[in-house]
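Participant: Build me a model:
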Amino acid sequence: MSFLFILGMLLVILAASEIFVNALEHLGERLHISEGVTGSLFAAVGTALPETIVPLIAVFAGTENQTVNEEIGVGAILGAPLMLATLAMGLLAIATVRDRGIRGAFKPEPSGIRRDLNFFLAAFTLATLAMFIPHQAAAVRVAFSAGLVLVYFVYVMLTLRASEKLVEDGHGTEAEKPMFLTRLGLPDALPVIILQIIIGVALLVGGAKGFILGVDEIATSLGVSVLLVSLLIVPIATELPEKVNSVLWIRRRKDTLAFGNLTGAMVFQGTLLPAIGVLLTPWEPRAEVLSGVLITLVAALWLRYAITGGGLRVWHVTINGALYVLYLAVTLS
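Facilitator: Numbers count the residues shown, from 1 in each chain. Presented below is the predicted three-dimensional model:
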């Protein structure tokens, strides 16, 4: 029954993603902002709400077992950027290889993607170092957490500052399809756009909240640790919005939105979510945790190298997908 319930929650997240993406494109077009801001900030933060809510719910209002709650929290926090840097990128290759070929090029606006990856690598390295800070050094852990929040604040400021120039250069957000609510007879106005975004986010959060209810039961039935299930399964559900949104955009050849949605979410999840983990969970360098952290950093470094060395191609992100398979092999062996 738990698996059927989780499948139902995944379908809710899929529908919510389509509703959210549709409204977000209209919002970006109406506000005359760049695709980079729409993808890296608006879409990334909006679709990151489920994986933000999951660890908070797990820690404060999860099961009666506090250890289980903390393991779900750590798994959701660290599994999220792992999924984005590996599996989600691999899905972009699957979605485009037939149309563009294995050596086909992606053409996202490069400065925004480079900025996203630079901030993610710096923040995630900082979050990794925080694992080695003993719990008795509470003040040091608080400082690390505050530093991660500050990194995200600086990132947002720089991303917004770059928007106007990108719009002038032809990278403004454009909506292709009418909003779903306007098809129901509502006017094409800003309040209606906001209403559709709220509906989409509410469905995303509801789907993620429902998903977490079955995690503990599945771990028990499979006879494996809750941390392992949380690292492998929870992020698939909570990251599904980013994956689906980016696949929808990449198939429409909106490469900046597609990649910005993923790399912007990586920055969000490499700063604010670990800031929560450092303060509210054990945040310790366990073996299954460190293997995921290492593969995440390697995947992000590979993307940063690829976009610097002449542009992203389909085979580049295929390697990211292969890194996720490697993670599964290492973790499940």
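
Participant: Show me the shaky parts of the stretch 101-250 of the chain.
Facilitator: For the stretch 101-250 of the chain, the stretches flagged by pLDDT under 70 are 162-176, 208-209, 211-242.

Participant: mind listing the helices for it?
Facilitator: For the stretch 101-250 of the chain, helices defined by DSSP state H, counting those that start in this stretch occupy the ranges 110-130, 138-168, 180-183, 190-212, 215-222, 226-232, 234-238, 240-251.

Participant: Please name every helix or strand in contact with the shortest one.
Facilitator: With contacts defined as 3 or more C-beta pairs under 8 Å, 6 or more residues apart in numbering; DSSP states H and E, the secondary structure elements packing on helix 180-183 are helix 2-31, helix 190-212. The way it works is simple: take the backbone N, C-alpha and C, and place the C-beta from them, glycine included.

Participant: so for the first one, what's the average pLDDT?
Facilitator: By that I understand helix 2-31. Helix 2-31 carries an average pLDDT of 75.

Participant: quick one, it and helix 138-168 angle?
Facilitator: Comparing the axes of helix 2-31 and helix 138-168 via axes from the mean of the first three to the mean of the last three C-alpha atoms, to 10 degrees yields an angle of 50 degrees.

Participant: List the buried residues for helix 2-31?
Facilitator: 6, 9-10, 12-13, 16-17, 19-29 (16 or more other C-beta atoms under 10 Å).

Participant: Likewise for the last one?
Facilitator: Buried positions in helix 190-212, judged by neighbour count with 16+ other C-beta under 10 Å: 192-193, 196-197, 199-201, 203-208, 210-212.

Participant: From those residues, pick the one nearest Thr308.
Facilitator: The shortest approach to Thr308 among the buried residues of helix 190-212 belongs to Leu204, at 33.1 Å (C-beta to C-beta).

Participant: Would you enumerate the residues in contact with the spatially closest residue to the closest one that is not a sequence neighbour?
Facilitator: Leaving out its chain neighbours, the residue that sits closest to Leu204 by C-beta to C-beta, 6 or more residues apart in numbering is Ala16, at 4.5 Å. With contacts defined as C-beta atoms under 8 Å, 6 or more residues apart in numbering, the neighbours of Ala16 are Gly200, Val201, Ala202, Leu203, Leu204, Gly207, Pro241.

Participant: biggest separation within those residues, which pair?
Facilitator: Ala202 and Pro241 (12.7 Å).
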